[in-house]
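**Q** From the sequence below, what's the structure:
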Amino acid sequence: MKKIAVYCGAYSGQPGYDQAARQVGEWLVAHGYALVYGGGGVGLMKTLGQTVLAAGGTVYGVMPANLYERGAALPALPHLEIVADMAARKKRMLELADVCLALPGGAGTLEEISEAFSWARVGDNASPCAFYNVAHYYDLLAAFYDHMVAAGFLTAADRQKLLFTADLAALAPFIASYRPPQLRKY
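**A** Below you'll find the model as predicted:
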């Protein structure tokens, strides 16, 4: 079974983001994907994990020990791996995943998906990376990636390897046609 790492907020954010998390959870199960996520039982993470489980899907949680000890895990999660710290979590999630997807979230969400895309550019992550751009949440970030191209810090070809979409229907064709970025020669 293919697996998608979904990065999302430990808060629920504005109205509508919970619904987006439910849509992603339903999409994962309908398309035969298992969920890999931070294992959280709060915010959008909770909504996402519960949705996948309720729809009969498979969920793999990866959580740092300090968050687990503070009670952040989704109760009764059948596959929960406790790791040393956030760095170990990010690495393990990438090892498990075939695709990386970001829902709205905060600094941690941005860090995780940005690292996944950065690692793809240096050959350490073969998984496609995408942003579910709910209610234009990631518009400014998409524009900033375009600015990176204009400023000469990102190739146009690599920019095309990063999807920003408000339509989940665009995700499957993006995944199917994805080829990792060409590695830079020095």
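
**Q** now the host helix or strand of V52: how far from the chain's centre is it?
**A** Using DSSP states H and E, V52 maps to helix 43-54. Relative to its parent chain, helix 43-54 has a centroid offset of 14 Å by Cα atoms, centre = their mean, to the nearest Å.

**Q** Pull out the CA atoms of it and give them to me as CSV.
**A** Extracted C-alpha coordinates of helix 43-54, given in CSV (Å, rounded to 0.1, in the frame of the first residue of the first chain):
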residue,chain,number,x,y,z
GLY,A,43,-6.1,20.2,15.8
LEU,A,44,-6.1,19.2,12.2
MET,A,45,-4.0,16.2,13.0
LYS,A,46,-6.8,14.8,15.1
THR,A,47,-9.4,15.4,12.5
LEU,A,48,-7.3,13.8,9.8
GLY,A,49,-6.3,10.8,11.8
GLN,A,50,-9.9,10.1,13.0
THR,A,51,-11.3,10.6,9.5
VAL,A,52,-8.9,8.0,7.9
LEU,A,53,-9.6,5.5,10.7
ALA,A,54,-13.3,6.0,10.6
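
**Q** list the helices and strands that helix packs on?
**A** helix 17-30, strand 33-37, strand 59-64 (3 or more Cβ pairs under 8 Å, 6 or more residues apart in numbering; DSSP states H and E). Heads up, the C-betas are built off the backbone N, CA and C, glycines and all.

**Q** Now with 6 Å, please.
**A** helix 17-30, strand 59-64 (3 or more Cβ pairs under 6 Å, 6 or more residues apart in numbering; DSSP states H and E).

**Q** So L168 sits against G25, correct?
**A** No - the criterion here is Cβ atoms under 6 Å, and L168 misses it with G25 at 11.0 Å.

**Q** follow-up on the earlier one: of the helices and strands packed on helix 43-54, flag the one that's most buried.
**A** Here the criterion is mean neighbour count by mean count of other Cβ atoms under 10 Å, and of the helices and strands packed on helix 43-54 the winner is strand 59-64, at a mean of 23.

**Q** Many thanks, I have nothing further to ask.
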